[in-house]
Structure formats: structure tokens, C-alpha cells
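> After the sequence you'll find the predicted model.
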Amino acid sequence: MRERVEVGDDVVLGRGSLIENDTSVGARTKIQAGAYITAYSTLEEDVFIAPCVVTTNDNFMGRTERRHGLIKGPTIRRGARVGGGAMLCPAVEIGEDAFIGAGAVVTKDVPARMLVVGNPARVLRAVNDDELLENQ
């Protein structure tokens, strides 16, 4: 865990995972082994990050001065789940209770309560009601 990271109560951080600077992680969030949470990310409460998830924050990959004002990691809203090996591109927002399938490459915002899969990720269907955080 790097500097200026805020972590809520009862957070699980798996072996070999990394949370970069200036990131916030909400209460009861679980980050599994080998996950990479880039700088300037926001993970709200009750988020699940599966093993080997990668987040990114820089569309310019280190080139141009313009990038400094545009660097932003993903925002992952309350109760969202991100499947193993998924890749989240810079500044995407994952809606509340959304589900990202394993291996998905998320290039744009994901609506709340939607299941997305593929490369690039696309909406497959709504998350089942019995899987929503409010029904647990």
C-alpha cells in the first residue's frame, strides 16, 4: 500500500496486491491476490476485486505534459464486483452493484446493476435481483 491511501474498516487485501497512492478503499471491500489498483482510484464500500485485476489511470502512458491534469483511475461504486483478470481503463466508472466478467476489458462506463463481458466489455444482461447487495 502506497502513500495517501485511505482504507475503510474490514478491508481484505490479498497477497501480492498493490494499492497505489491517492486512492480510497471503502469498508468491507475485498481485493484478492495479485490485483493492481492504480493511483487516483476510488473503490466504494462492499466492492469485490478478484485475483489479477488490473486498473489503469493514464491514457498517454507517460508521454506529454497534458496528461498530468488528466490522470484518473477508475471509480468503482458500492457493491460492484470485478472478475478475475479483468482490465479497467482510465477514468471509467463502474456502477453500483455492477458485475464485470472475468477477463473483460472495460473501456467505458458500466451502468449500475449490469453484467458486462468481453473485449471490449459490453452489456450482457442485468444482474439478477438475488445477487444485488440489498438482497443479501
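The structure has been received and is ready for your questions.

> Nearest residue to the middle of this structure?
Ile76 (4.8 Å; Cα atoms, centre = their mean).

> could you list every residue that touches that residue?
Taking Cβ atoms under 8 Å, 6 or more residues apart in numbering as the criterion, Ile76 is in contact with 41-44, 47, 49, 82, 88, 93-94. C-beta coordinates here come from the backbone N, C-alpha and C atoms, glycine included.

> And for Lys108?
Shown in contact with Lys108 (Cβ under 8 Å, 6+ apart): 89, 92, 120-121.

> who wins for most neighbours among those residues?
Ala121 (25 neighbours; other Cβ atoms under 10 Å).

> ok, the residue nearest to that one when sequence neighbours are not counted - how many residues close by?
Computed as Cβ to Cβ, 6 or more residues apart in numbering, the closest residue to Ala121 that is not its neighbour in sequence is Ala104, at 4.2 Å. Neighbours of Ala104 under the rule other Cβ under 10 Å: 26.

> is it true that Ala104 touches Leu115?
No. Ala104 is beyond contact range of Leu115, at 9.7 Å (criterion: Cβ atoms under 8 Å).

> measure stretch 7-21 end to end?
From the first residue to the last, stretch 7-21 extends over 12 Å; the measure is Cα to Cα, to the nearest Å.

> should've said stretch 60-72
Note: stretch 60-72 ends 12 Å apart using Cα to Cα.

> Equivalent analysis for stretch 15-25, please.
Between the opening and closing residues of stretch 15-25 there is a gap of 17 Å (Cα to Cα).

> For it, which outside residues touch it?
With Cβ under 8 Å, 6+ apart as the test, stretch 15-25 has contacts from 1-8, 11, 13, 31-43, 47, 73.

> of these, buried ones?
Buried by 16 or more other Cβ atoms under 10 Å: 5, 7, 11, 13, 31-32, 34-43, 47, 73, out of the contacts of stretch 15-25.
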